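In: please find the sequence and the predicted model below.
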Amino acid sequence: MKMKKLLLFMMLTLMLAVVAACGNGSEDETGTGGSADGGTDSGEEEAPSEEAEGQLVLSGSSAIQPLMAAGAEEFMAANAGADIQVQAGGSGQGLSQVADGSVDIGNSDVFAEEKEEIPADELVDHRIAVVGMGPAVHPEVGIEDISSEDLIKVFTGEVTNWSELGGEDVEITLVNRPDSSGTRATFVNYALDGAEPAEGITEDSSNTVKQIISETEGAIGYLAFSYYNDDSVLPLQLDGVEQTDENVTTGDYAVWAYMHSYTNGEPEGLAKTFLDYMMSEDVQQVVVPELGYIPSTDMQVERDAEGNQTDVQ
């Protein structure tokens, strides 16, 4: 009987020791009850982050469409419940549709303030990226640099042969974008100082503009930097400044435009989540440059709707 009592006492003592050890295991070395990494244990598991879900419709500038489409594809791959449709139609259409509420985001390569019929004060501007652009010529015109003054003379028809500028004796062929083009508006404003180009060949597609320049002796047009991916056309230096991303970001080269995404009021829900994603480091530093755009976050200068350029504060 004494042996049984002794065994029972030993078992009870052992059980109490185990319970005490388990209780002490919830405390850290300081005895504060914190977790091993120094954090506080609330007794509840951290809730997993929720995936974004819902539908967004974007429309507008064809210049920014490839970037927004790529961003949407990556975003939807990580958020199965999100459906983002990216449509083109032009900057004017994107601005009109976001203003009347028929789309969630209106993409534009011009400021909303530049469109008189758009209630710009009701829209919120999100500058997703920047695109640089400039004069491009047939590689055998005989010059590599042009002054702003001479560029205006070329596009207004005052100079009609490259020999007048020290180049080859060949007539100049102008290749323009249509009046509705945001690329044309940017080039006219910042490369031609507002002077309207003379009549020439007019093409709606930058790919076609590039092809015509490359195949036409004496041709000159204007293209975004992303089209300078081979030797078929020659980007002219403007006033001795090369057409490079770095020169745009520092403000040394002035022919560039924002890729705007406008919302009607401050964005909420999925629209805000998606726009925040487009401004994330992964998109800005990987997707944006891969597609030939310049990250907005790299800009050392900024520009307002009146064209005033100032240093980023």
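Out: Looks like it arrived, so ask away. Numbering: from 1, shown residues only.

In: what pLDDT is listed against Ser42?
Out: Looking at Ser42, its pLDDT reads 38.

In: what does Leu275 give?
Out: 98.

In: quick one, phi/psi of the closest residue to it other than its chain neighbours?
Out: Leaving aside its sequence neighbours, Leu275 sits nearest to His126 (Cβ to Cβ, 6 or more residues apart in numbering; 5.2 Å). Yep, even glycine has a C-beta here, placed from its N, CA and C like the rest. His126 has phi and psi values of phi -120, psi 110 when expressed as degrees, to the nearest 10.

In: what sits against His126?
Out: Counting by Cβ atoms under 8 Å, 6 or more residues apart in numbering, His126 touches His260, Ser261, Tyr262, Thr263, Pro267, Leu275, Met278, Met279.

In: now with 10 Å?
Out: Applying Cβ atoms under 10 Å, 6 or more residues apart in numbering to His126 gives the contacts 105, 107, 258-263, 267, 271-272, 275-276, 278-279, 296.

In: generate a PyMOL selection restricted to the buried subset of the residues you listed.
Out: Selection of buried members from those for PyMOL, criterion 16 or more other Cβ atoms under 10 Å:
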select buried, resi 105+107+258+259+260+261+262+263+267+271+275+278+279+296
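
In: how far away is the residue lying closest to Asp245 once chain neighbours are set aside from Gly251?
Out: Closest residue to Asp245 apart from its sequence neighbours, by Cβ to Cβ, 6+ apart: Ile294 at 5.0 Å. In this view, Ile294 and Gly251 are 12 Å apart by Cβ to Cβ, to the nearest Å.

In: neighbour count: the two, which is higher?
Out: Ile294 (24 against 17; other Cβ atoms under 10 Å).

In: I'd assumed Gln285 was in contact with the more buried one.
Out: No - between Ile294 and Gln285 there is no contact under Cβ atoms under 10 Å: 11.2 Å.

In: for the residue nearest the centre of the chain, list the residues it contacts.
Out: By Cα atoms, centre = their mean, the chain has its centre lying nearest to Ala129, at 2.7 Å. Contact partners of Ala129, counting by Cβ under 10 Å, 6+ apart, are 63-64, 67-68, 71, 109, 257-261, 278-279, 283-284, 287-289, 291-299.

In: check which helix or strand Ala88 maps to.
Out: In this assignment (DSSP states H and E), Ala88 forms part of strand 82-89.

In: tell me the first helix or strand C-terminal of that strand.
Out: helix 91-100.

In: that next one: how far from the chain's middle?
Out: 19 Å (Cα atoms, centre = their mean, to the nearest Å).

In: by contact count, what packs against that helix?
Out: Using 3 or more Cβ pairs under 10 Å, 6 or more residues apart in numbering; DSSP states H and E, the elements in contact with helix 91-100 are strand 54-60, strand 82-89, strand 105-108, strand 123-137, helix 182-190, strand 256-264.

In: deepest of the ones you listed, which one?
Out: Mean neighbour count, computed with mean count of other Cβ atoms under 10 Å, is highest for strand 105-108 among those, reaching a mean of 29.

In: give me the sheet partners of that strand and which way each runs.
Out: Here strand 105-108 has these sheet partners by DSSP bridges: strand 54-60 (parallel), strand 256-264 (antiparallel).

In: return the residues in contact with the closest residue to Asp193 other than its chain neighbours.
Out: Nearest residue to Asp193, sequence neighbours excluded (Cβ to Cβ, 6+ apart): Ile152, at 6.5 Å. Counting by Cβ under 10 Å, 6+ apart, Ile152 touches Ile146, Glu158, Val159, Ala191, Leu192, Asp193, Gly194, Ala195, Pro197.

In: can you check Glu171 too?
Out: Listed by Cβ under 10 Å, 6+ apart, the contact set of Glu171 reads Thr160, Asn161, Trp162, Ser163, Glu217, Gly218, Ala219.

In: quick one: which of those sit in strands?
Out: Ala219 (DSSP state E).

In: now, which of the contacts of Glu171 sits nearest Gly134?
Out: Distance to Gly134 across those (Cβ to Cβ) is lowest for Ala219, with 14.9 Å.

In: so what's that closest one bridging to?
Out: Thr173.

In: just checking, it touches Ile212?
Out: Yes - judged on Cβ under 10 Å, Ala219 makes contact with Ile212 at a distance of 6.2 Å.

In: shared neighbours, these two?
Out: Common neighbours of Ala219 and Ile212 (Cβ under 10 Å, 6+ apart) are His138, Thr173, Val175, Gly200, Ile201, Val233.
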